[in-house]
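# Quick check, what structure comes out for this input:
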Amino acid sequence: MRKSLSKGCAYCVAFIVLAGFASSAAHAEIYIFDARRTEVRFTYVMGISKQQGHFNQVQGTLQFDEKAPEKSQVSATIATASLGTGEPIVDDELKGSDFFNVAADPVMTFKSRAVRSTGADTAEMTGDITVNGITMPVTFAISLHPHTDPALKHSNGAREFVATGRIQRSAFRMTAYQSMVGDDIDIEIDAIVRKKT
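Here you go, the predicted structure:
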């Protein structure tokens with residue numbers, strides 16, 4: 001009798017835990033990155049000056065629970081061929097085998113693992129970034145707040161999502177021109193996210 005009761009209690013506990021998880025998940029809303037209003041920018045130092053580039057083909061989702069922002073999740077996929085710096089020679093070099101190797105690795109990915117709130121609409125997000133088939137941890141400072149784009153005045157619930165972080169290019173087998181180009185690469189993700197319908 002005691003064994004049956006113990007087993008029954010275990011089932012009750014499991015049910016309560018699952019029910020609580022389902023209830024929590026129900027509060028989270030899924031947002032989709034607006035492809036026309038999302039860009040990933042990167043900055044690096046060459047010589048004594050800063051150089052910039054961007055990727056403009058980004059797909060991603062944000063799962064956000066306003067009551068429990070620490071449970072938020074982000075995933076993103078970036079088409080490496082969408083890289084642009086405004087200098088065709090530089091673009092060709094960065095898309096080549098010494099850097100992003102677009103032919104062999106057409107996408108980069110990011111997937112979050114943890115979020116820690118740092119303010120009313122800011123947080124620190126850690127996750128994994130994969131470039132050239134190599135996955136490394138990265139930390140982003142993020143903000144999420146109502147958008148200010150007049151063109152989205154009728155887009156109910158749309159928000160602006162911004163994330164900034166830094167990686168070292170050498171960690172992803174990008175070691176060419178080390179005497180000319182710095183190792184630190186600053187990243188900024190600037191996106192408008194819309195509620196999934």
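# Least confident secondary structure element in this structure?
helix 2-27 (a mean of 45; mean pLDDT, DSSP states H and E).
# pretty sure residue 91 is in contact with residue 82, am I right?
No: Residue 91 sits out of contact with residue 82 when judged by CB atoms under 8 Å, with a separation of 10.4 Å. (Glycine included, C-beta is placed from N, CA and C.)
# Quick one: low-confidence residue ranges for this structure.
With pLDDT under 70 as the threshold, the chain has low-confidence stretches at 1-26, 153-155.
# which residues in it form helices?
Applying DSSP state H to the chain gives helices spanning 2-27, 88-95.
# Leaving out sequence neighbours, find the closest residue to residue 76.
Once its chain neighbours are removed from consideration, residue 76 has its nearest residue in residue 60; the separation is 3.5 Å (CB to CB, 6 or more residues apart in numbering).
# neighbours of that neighbour, just the number please.
By the criterion of other CB atoms under 10 Å, residue 60 has 22 neighbours.
# quick one: it from residue 168, how far?
The spacing between residue 60 and residue 168, counted by CB to CB, to the nearest Å, is 23 Å.
# Report the contact partners of the closest residue in space to residue 160 that isn't next to it in sequence.
Distances taken as CB to CB, 6+ apart place residue 147 nearest to residue 160, at 4.5 Å, with adjacent residues excluded. With contact taken as CB atoms under 8 Å, 6 or more residues apart in numbering, residue 147 is in contact with 155, 158-160, 192.
# Narrow the residues you listed to those in strands?
With strands defined by DSSP state E, the entries of those inside them are 159-160, 192.
# Which of these lies at the shortest distance from residue 65?
Distance to residue 65 across the ones in strands among the contacts of residue 147 (CB to CB) is lowest for residue 159, with 13.5 Å.
# in the sheet, who's paired with that closest one?
Taking DSSP bridges, one finds residue 146, residue 193 as the beta-bridge partners of residue 159.
# This protein: strands as residue ranges?
Defined through DSSP E, the strands belonging to the chain, from first to last, are 29-46, 49-55, 58-64, 73-79, 83-84, 107-117, 122-131, 134-146, 159-168, 184-195.
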